[in-house]
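Novice: Predicted model and sequence below, questions to follow.
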2 protein chains.
Amino acid sequence: MSSPADTPADGTPDHGTLPVDGMPGQMALPDEPEPGTSASGKPLPEATIARLPVYLRALYTLAERGTGTVASDELAAAAGVNSAKLRKDLSHLGSYGIRGVGYDVDYLVYQVSRALGLTQKWPVVIVGGGNLGRALANYGGFMNRGFKISAILEANEELVGCQIGDVTVRHVGDLEDVVKDSKVAIGVIAVPAESAQAVCDRLVGAGVTSILNFAPLVLTVPDGVDVRKVDLSIELQILAFHAQRRSAERFGQVPGPAAAVEAQAVEA
Amino acid sequence: MSSPADTPADGTPDHGTLPVDGMPGQMALPDEPEPGTSASGKPLPEATIARLPVYLRALYTLAERGTGTVASDELAAAAGVNSAKLRKDLSHLGSYGIRGVGYDVDYLVYQVSRALGLTQKWPVVIVGGGNLGRALANYGGFMNRGFKISAILEANEELVGCQIGDVTVRHVGDLEDVVKDSKVAIGVIAVPAESAQAVCDRLVGAGVTSILNFAPLVLTVPDGVDVRKVDLSIELQILAFHAQRRSAERFGQVPGPAAAVEAQAVEA
DNA sequence: CGCCGTTTGTGAACGAATGCACAAAGTCGG
DNA sequence: CCGACTTTGTGCATTCGTTCACAAACGGCG
């Protein structure tokens, strides 16, 4: 826990050549807050947690570009948020910036990763080897940082045995074995809505406590299981709402999709 | 409020055979609020807008099951939210429930659809014919309600000409033509991060004002263009955070993915 | 060594969203 | 026609999140 032996950026910080993955060499910290709690002992605000991955991605991009330190303004711009918000978010993790200078990129990558629990690789099982499952498996550089695909499972016999990335598709019957053998705690559901609840039940039964659901339905799970959903069409519908709203402002009355474009074309 | 000529469920409601698509027969309304504004003239809360698609999906499910009316409790349960929240959300659209009874399902489907601007079909162009683009095109019943895929565009010559669902993949060079010809107002970016900004610029240049971005980077757009992003890995990272937090509660110290499952197995 | 410009971290004001609890408004049975 | 029961719609208190604005802290320079 303690052992404040070395400073964050130890003596000669080797910016430029950076170990983008894993924690930098010997970065034991002054005092690190408990996982999941802010520096003050209070739990991290949910809104902050949701933004940390965005910051992390921006930080990786900066790191790859060789940026050693970054000010909150720049990082905020790269992440697409307000700089005050960014500073408050980061302050919940601890005081990891240097006044008058900014944040050490590598150091912050490590701190944010640690806060999110990504210093180790979580084994993940993807159920569903269709287009969506394949897209997920190939999400590449970002899926792989902090996660490892233990298996891709599929009911369709024809797909079993296929290679997706460096993972071979196995039959969904192996679900329980995979979860047990690889100590999988996170399951991803990428199957049609009809079979989603059944898959969910099996995942939970096998011991999975975190589920990411891509199927368009509300899953029922027992207490203690964490479900998050990603709906590919909800965001589209929100866009439609705003588009309608914008075009309704130009005209007096109800617009319709086509009118939206005409209005836009007229003004351009 | 005014002109109570026809009740929502007119005389003999033909529940069971329902025109799931489109607005029910002759449901002219007492007074409909402007698109994008609540019944009181104030704009709809953003949080409400984000939940309307969820309600809509739950309503469609109920409608297919032949449910004629539904109480806020049931609908809330089906949508996975608090019933008070649901009622408040719906009240922003207008007073479309019947006290002591509940909501007429078909009628509410129409009202929510109208609020979201889904009474007409928005033409959408999907850029990227990879796994993700295909998954989107096949999202089926929910992608199609309120949206119509004008084209799927792809740079890889080998994929051009393929059939995805009932749409033929065209070359990305046709982007401007497609947008112009079909009066597309919504573009979906499903290409690798490297080319996403370039695609975005072309979409905006062609007149698209709403963009749904699946590429893992922050897009830069001029004012007046609405961008929403869906990041397949962010939700996973949030799950990792909570999983870490849960397992940290059981033990005293920093856990790691494997420990999480062990803890879970022990208690089960 | 002390001053100056810069940038963080945060208290405080504001605004948005949630959830409670209940009156108003409807149905249904008698 | 009335009274009991059900369910909506909403005022209110509270919690959560955002934004402002500034003091405290840092590096660098003369």
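Specialist: On my side now, so go ahead.

Novice: tell me the contacts of the residue in the stretch 101-250 of chain A positioned nearest to DNA strand C?
Specialist: Nearest to DNA strand C in the stretch 101-250 of chain A, going by C-beta to the nearest atom of the strand, is residue A:102, at a distance of 4.0 Å. (Each C-beta comes from the backbone N, C-alpha and C, glycine too.) Contacts here follow C-beta atoms under 8 Å, 6 or more residues apart in numbering or on different chains; on that basis residue A:102 touches A:69, A:70, A:71, A:72, A:74.

Novice: and what of residue A:123?
Specialist: With C-beta under 8 Å, 6+ apart, residue A:123 has these contacts: A:147, A:148, A:150, A:182, A:183, A:184, A:185, A:186, B:257.

Novice: just to revisit the earlier point, what's the spacing between the residue of the stretch 101-250 of chain A closest to DNA strand C and DNA strand D?
Specialist: 10 Å (C-beta to the nearest atom of the strand, to the nearest Å).

Novice: Leaving out sequence neighbours, find the closest residue to that residue.
Specialist: residue A:71 (3.9 Å; C-beta to C-beta, 6 or more residues apart in numbering or on different chains).

Novice: For that neighbour, give me phi and psi.
Specialist: Note on residue A:71: backbone dihedrals following degrees, to the nearest 10 are phi -90, psi 160.

Novice: got the residues of the stretch 1-150 of chain A near DNA strand C?
Specialist: Contact residues, the stretch 1-150 of chain A versus DNA strand C (C-beta under 7 Å from any atom of the strand): A:71-73, A:83-84, A:87-88, A:90-91, A:95-103.

Novice: Just the ones of these in helices?
Specialist: A:72, A:73, A:83, A:84, A:87, A:88, A:90, A:91 (DSSP state H).

Novice: Quick one: which of these is the most crowded by neighbours?
Specialist: Ranked by the number of neighbours (other C-beta atoms under 10 Å in any protein chain shown), those place residue A:90 first, at 23 neighbours.

Novice: so residue A:217 makes contact with residue A:195?
Specialist: No: Residue A:217 lies out of contact with residue A:195 (C-beta atoms under 8 Å); the separation is 10.5 Å.

Novice: Which of those two has more residues huddled nearby?
Specialist: Counted by other C-beta under 10 Å, residue A:217 and residue A:195 do not tie: residue A:217 has more neighbours, with 20 against 15.

Novice: That one: what secondary structure?
Specialist: Judged by DSSP: H, G, I helix; E, B strand; the rest coil, the three-state class of residue A:217 is coil.

Novice: Report the separation between it and residue B:110.
Specialist: 22 Å (C-beta to C-beta, to the nearest Å).

Novice: all helices in the stretch 101-250 of chain A, in order from the N-terminus.
Specialist: Applying DSSP state H, counting those that start in this stretch to the stretch 101-250 of chain A gives helices spanning A:105-116, A:131-137, A:175-181, A:193-206, A:234-250.

Novice: sorry, back to before: list buried residues within the contacts of residue A:123.
Specialist: A:147, A:150, A:182, A:183, A:184, A:185, A:186, B:257 (16 or more other C-beta atoms under 10 Å in any protein chain shown).

Novice: Residue ranges of each domain in chain A, please.
Specialist: A:1-118, A:122-229, A:235-267 (automatic domain parsing).

Novice: Dump the ones you listed to TSV, plus mean pLDDT.
Specialist: Shown next, in TSV, are the domains of chain A (pLDDT from 0 to 100):
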stretch	mean pLDDT
domain A:1-118	80
domain A:122-229	95
domain A:235-267	68
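
Novice: Please identify which of those domains is closest to residue B:213.
Specialist: Nearest to residue B:213 among the domains of chain A is domain A:235-267 (9.3 Å), distances taken as C-beta to C-beta.

Novice: tell me the two of the contacts of residue A:102 that are most distant?
Specialist: A:69 and A:72, at 11.1 Å, using C-beta to C-beta across the contacts of residue A:102.

Novice: can you list residues touching both of the two?
Specialist: A:102, A:103.

Novice: For the closest residue to residue A:88 other than its chain neighbours, give me its contacts.
Specialist: Of all residues not flanking residue A:88 in the chain, residue A:48 sits nearest, at 7.9 Å (C-beta to C-beta, 6+ apart). Shown in contact with residue A:48 (C-beta under 8 Å, 6+ apart): A:88, A:89, A:92.

Novice: same thing with residue A:216?
Specialist: Here residue A:216 is in contact with A:193, A:231, A:233, B:57, B:139, B:142 (criterion: C-beta under 8 Å, 6+ apart).

Novice: ok, the residue of the stretch 101-250 of chain A found nearest DNA strand D to chain B distance?
Specialist: Relative to DNA strand D, the nearest point of the stretch 101-250 of chain A is residue A:101 (5.2 Å; C-beta to the nearest atom of the strand). Applying C-beta to the nearest C-beta, to the nearest Å, the value for residue A:101 to chain B is 24 Å.

Novice: go on, residue A:112?
Specialist: From residue A:112 to chain B the distance is 10 Å (C-beta to the nearest C-beta).

Novice: Could you take the buried ones among the contacts of residue A:123 and lay them out as TSV, with extra columns for distance to residue B:178?
Specialist: Shown next, in TSV, are the buried ones among the contacts of residue A:123 (distance: C-beta to C-beta, whole Å):
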residue	distance to residue B:178
A:147	36
A:150	41
A:182	44
A:183	48
A:184	42
A:185	44
A:186	39
B:257	45
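
Novice: Which ones among those residues map onto strands?
Specialist: A:147, A:150, A:186 (DSSP state E).

Novice: Relative to residue B:218, how far out is the closest residue to residue A:129 other than its chain neighbours?
Specialist: Sequence neighbours aside, residue A:154 is the residue nearest to residue A:129 in space, at 3.5 Å (criterion: C-beta to C-beta, 6+ apart). Going from residue A:154 to residue B:218 by C-beta to C-beta gives 34 Å.

Novice: between these two, who's got more neighbours?
Specialist: Between residue A:154 and residue B:218, residue A:154 has the larger neighbour count (other C-beta under 10 Å), namely 24 against 19.

Novice: Residue nearest the middle of chain A, spatially speaking?
Specialist: Closest residue to the average C-alpha location of chain A: residue A:53 at 5.2 Å, with C-alpha atoms, centre = their mean.

Novice: check contacts around it.
Specialist: Residues in contact with residue A:53 (C-beta under 8 Å, 6+ apart) are A:116, B:231, B:233, B:234, B:237, B:238.

Novice: Let's have these in CSV, adding distance to residue A:171 and neighbour count.
Specialist: Formatted as CSV, the contacts of residue A:53 follow (distance: C-beta to C-beta, whole Å; neighbours: other C-beta atoms under 10 Å in any protein chain shown):
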residue, distance to residue A:171, neighbour count
A:116, 32, 24
B:231, 30, 19
B:233, 26, 22
B:234, 30, 21
B:237, 29, 26
B:238, 30, 20
